[in-house]
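[1] Give me the fold of what follows.
(one chain, ligands or ions: 1)
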Amino acid sequence: MEYRSIAIDGPSGAGKSTLAKRLAQELGFLYVDTGAIYRTVGLAARRQGIDPADGERVAAMLPGLSITMGYGADGLQHMFLDGEDVTAAIRENDISACASKAAALPAVRDFLMEMQRRTAREHHVIMDGRDIGTVVLPNADLKIFLTAAPEARAERRYQELMERGQRADFDQVLREVVERDRRDTQRETAPLRQGPDAVLADTTGLDLEESFQLLLGIIQERLDIREGTHEE
Ligand code: DC
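    Just a heads-up that it's a prediction; the model follows:
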């Protein structure tokens, strides 16, 4: 059976995961959050006391790691590091920078590539990340580049942290967003960029529902699918 794939790439805080999760539910596709996989590597480095930007030490760590992805009864993606469910631990604010640093290393990207491609070979997927349309799934049926102004993305991240009860300072969050953009777009390996065949979706000034409708419209217009068509 031919599986369909939708790639959603874009900078952090553009709403990729929230929107992709909902779209996947609506369409009966599997949602794959590839940032969570990089976060798991970042967490592993942090736990082993390794600088996530240290290419040699991180590369030496990788063969000893067991990183797996599973889907719970809730249908949500869980990440496991050496058998431990680290789904919550990888969301800690300081793991974001660790993940972004580790993600710049070619050895890390190679190590995680097959896991992502295999998932797309076995399911209809909506996969979100930075290089899904450009590198991981170059033959995806539809590629969307989802973005928003840095201030809008920082505001959303700030609200998210506050809702989770984590202390945050808006200016600090904005600085982190800008710094992560810089690292993700300027790295040599698989940098974040809009591919020539990706449809641009800018959600600046749109709320979640409006952003969802924008993406659903793009998908329905470009792909011959309707809600639930691919329920497995
Ligand atoms: O989407 P996120 O914030 O959870 O991703 C964490 C980091 O992982 C992000 O800074 C960039 C990196 N990443 C990547 O390089 N390639 C992907 N496909 C997904 C994430």
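
[2] Export stretch 186-202 to PDB, keeping only CA atoms.
    What follows is the C-alpha trace of stretch 186-202 in PDB, where atoms were taken according to Å, rounded to 0.1, in the frame of the first residue of the first chain:
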ATOM      1  CA  GLN A 186      22.600  28.700   9.800                       C
ATOM      2  CA  ARG A 187      24.000  25.200  10.600                       C
ATOM      3  CA  GLU A 188      25.700  23.500   7.700                       C
ATOM      4  CA  THR A 189      23.800  20.200   7.900                       C
ATOM      5  CA  ALA A 190      20.100  20.200   6.900                       C
ATOM      6  CA  PRO A 191      19.500  23.800   7.900                       C
ATOM      7  CA  LEU A 192      15.900  25.100   8.400                       C
ATOM      8  CA  ARG A 193      14.800  26.600   5.100                       C
ATOM      9  CA  GLN A 194      11.700  26.800   2.900                       C
ATOM     10  CA  GLY A 195      12.200  24.400   0.000                       C
ATOM     11  CA  PRO A 196      11.200  25.600  -3.500                       C
ATOM     12  CA  ASP A 197       8.300  23.100  -3.500                       C
ATOM     13  CA  ALA A 198       6.900  24.000  -0.100                       C
ATOM     14  CA  VAL A 199       3.700  26.000   0.400                       C
ATOM     15  CA  LEU A 200       4.300  29.000   2.800                       C
ATOM     16  CA  ALA A 201       1.800  29.400   5.700                       C
ATOM     17  CA  ASP A 202       2.300  32.400   7.900                       C
END
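
[3] Any residue of that stretch touching the ligand?
    No. Stretch 186-202 lies apart from the ligand when judged by CB under 6 Å from any ligand atom; the minimum separation is 6.7 Å. All C-beta spots, glycine's among them, are computed from the backbone N, C-alpha and C.

[4] Surely L174 forms part of a helix?
    Yes. Under DSSP: H, G, I helix; E, B strand; the rest coil, L174 sits within a helix.

[5] Grab the nearest non-local neighbour of it.
    A154 (3.9 Å; CB to CB, 6 or more residues apart in numbering).

[6] number of nearby residues for the one you found?
    A count of nearby residues for A154, using other CB atoms under 10 Å, gives 23.

[7] cool, I67 as well?
    The number of residues packed near I67 is 18, by other CB under 10 Å.

[8] Which secondary structure element is home to the closest residue in space to it that isn't next to it in sequence?
    Leaving out its chain neighbours, the residue that sits closest to I67 by CB to CB, 6+ apart is T40, at 5.2 Å. According to DSSP states H and E, T40 maps onto helix 34-47.

[9] for that helix, packing partners?
    In terms of contacts (3 or more CB pairs under 8 Å, 6 or more residues apart in numbering; DSSP states H and E), helix 34-47 is packed against helix 55-61, strand 67-71, strand 77-81, helix 93-103, helix 106-122, strand 125-129.

[10] Report the buried residues of the one helix or strand the residue nearest to L174 maps to.
    For A154, the element it lies in under DSSP H and E is helix 150-163. The neighbour-count check on helix 150-163 (16 or more other CB atoms under 10 Å) flags 150, 152-158, 160-161 as buried.

[11] just those residues now: which is nearest the ligand?
    Comparing those against the ligand with CB to the nearest ligand atom places R157 closest, at 9.4 Å.

[12] Relative to the ligand, how far out is T34?
    T34 sits 4 Å away from the ligand, going by CB to the nearest ligand atom, to the nearest Å.

[13] Please apply the same query to M162.
    18 Å.

[14] Can you mark which positions in the helix holding T40 are buried?
    Across helix 34-47, burial judged by 16+ other CB under 10 Å covers 34-46.
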